[in-house]
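Enquirer: 3D model of this:
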Amino acid sequence: MAHLTDLIKLDKNVPIPLYYQLKKQLYSLIEKAVLKEGAMLPPENELCERLYVSRPTIRQAFSELVAEGYLSRYKGRGTFVSKPKVEERFFSKLESFNREMISKGLAPRTKVLVLEKLAGPQEANEKLEIPLDASLIHIKRLRMADDIPLVYLDTFLPHDQYRKLLKVDFNVNSLYDSLEKFYQVKVNHVRREIEAVNAHKKDAELLQIAKNRAISLVKTIAYSKDAHLPVEFSVARYRGDMNKFTVDISR
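Expert: Sure, this is the predicted structure:
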């Protein structure tokens, strides 16, 4: 079998930093599954000798791929290719989590942590455009693929309009399917905001990651075709090392 360095060609005559060339070529090998999940990369000193580059060059390329979730580094053991990220298209397509995971050959599972009636938080009432003292339905769910936590989310809906949802088992039922079944409300468009944040202690515990690791915080407001007000407001926290998002943009 060819040595990893036989697959990497660094060009010192172009103005592109060597670490970046190395990073992009390693990324390409991982994406094409030439470097498979769990594969151990050669030690830094070996790569330095075979690629004729300095150790800081190797270290920076590795560090950025570790930060982006493509490599995992274990003290005393080495550097390994991480489990592939789950590509999600939820910025360009409205599809249930279960259907999307099944289409990727993954086994989806949802665990309901909270299903309750509550007052507030104020942000949810404001996003749903209802009075600040109006009651809400709150659903907290942890969602997994192949038993690996990918995202946990807090979902809020106006209680007075959708009180029947408190009787639904969301471990096995889709929220949007339930809205259609009980209220003939079909969500047909959403507005999403995404930002990168560091995981707080609770986030880290639920997602089984280290505290302060990068996560994607996504806020969603969902609308139906006929409703005059928003139907749902949710705050989702996606593992940064296990998710990537794809958006198709057409002119």
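
Enquirer: helices and strands of the chain: which one bottoms out on pLDDT?
Expert: The helix or strand of the chain with the lowest confidence, counting by mean pLDDT, DSSP states H and E, is strand 86-88 at a mean of 56.

Enquirer: which is the next helix or strand following it?
Expert: Sequence order places helix 97-103 as the next helix or strand after strand 86-88, per DSSP states H and E.

Enquirer: domain parsing for the protein?
Expert: The chain resolves into domains spanning 4-81, 86-245 when parsed by automatic domain parsing.

Enquirer: In TSV, list those along with mean neighbour count.
Expert: Just so you know, the C-beta spots here come from the backbone N, C-alpha and C atoms, and that holds for glycine as well. Output for these, formatted as TSV (neighbours: other C-beta atoms under 10 Å):
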stretch	mean neighbour count
domain 4-81	15
domain 86-245	16
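
Enquirer: quick one: the closest residue to Leu35 other than its chain neighbours and Phe62, what's the gap?
Expert: Excluding its sequence neighbours, the residue lying closest to Leu35 (C-beta to C-beta, 6 or more residues apart in numbering) is Leu29, at 4.5 Å. Per C-beta to C-beta, to the nearest Å, Leu29 is found 13 Å from Phe62.

Enquirer: Also Leu229?
Expert: Leu229 is 50 Å from Phe62, where distance means C-beta to C-beta.

Enquirer: And the nearest residue to Lys12 once chain neighbours are set aside, its phi and psi?
Expert: Sequence neighbours aside, Leu18 is the residue nearest to Lys12 in space, at 6.8 Å (criterion: C-beta to C-beta, 6+ apart). Leu18 adopts backbone torsions of phi -60, psi -40, taken as degrees, to the nearest 10.

Enquirer: How about Lys24?
Expert: Here Lys24 shows phi and psi, under degrees, to the nearest 10, equal to phi -70, psi -30.

Enquirer: Give me the pLDDT value at it.
Expert: You'll see Lys24 listed with a pLDDT of 92.

Enquirer: what's stretch 108-119 in contact with?
Expert: Applying C-beta atoms under 8 Å, 6 or more residues apart in numbering, the contact partners of stretch 108-119 are 97-98, 101-102, 133, 135-145, 147, 152, 159, 163, 166, 169-172.

Enquirer: From the chain's centroid, how far away is stretch 131-147?
Expert: Computed by C-alpha atoms, centre = their mean, to the nearest Å, the chain-centroid distance of stretch 131-147 equals 17 Å.

Enquirer: Relative to Asp147, how far out is Asp241?
Expert: Taking C-beta to C-beta, one finds Asp241 at 16 Å from Asp147.

Enquirer: Same check on Arg191?
Expert: Between Arg191 and Asp147 the distance is 31 Å, computed by C-beta to C-beta.

Enquirer: does Ile215 belong to a helix or a strand, and which?
Expert: Assigned by DSSP H and E, Ile215 belongs to strand 214-224.

Enquirer: Neighbouring strands - and their directions - for that strand?
Expert: When pairing is defined by DSSP bridges, strand 214-224 lines up against strand 187-198 (antiparallel), strand 232-239 (antiparallel).

Enquirer: Can you name the next helix or strand after the longest one?
Expert: In this case it means strand 187-198. helix 201-207.

Enquirer: what's the spacing between the closest residue to Ala236 other than its chain neighbours and Val218?
Expert: Spatial nearest neighbour of Ala236, excluding adjacent residues (C-beta to C-beta, 6+ apart): Leu153 at 3.8 Å. Noted for Leu153: a distance of 8 Å to Val218, by C-beta to C-beta.

Enquirer: do the same with Glu129
Expert: 20 Å.

Enquirer: Equivalent analysis for Glu193, please.
Expert: 7 Å.

Enquirer: swap in Asn173?
Expert: 22 Å.

Enquirer: in the protein, which spans are strands?
Expert: Using DSSP state E, the strands found in the chain span residues 71-74, 78-81, 86-88, 108-119, 135-145, 148-158, 187-198, 214-224, 232-239, 243-245.
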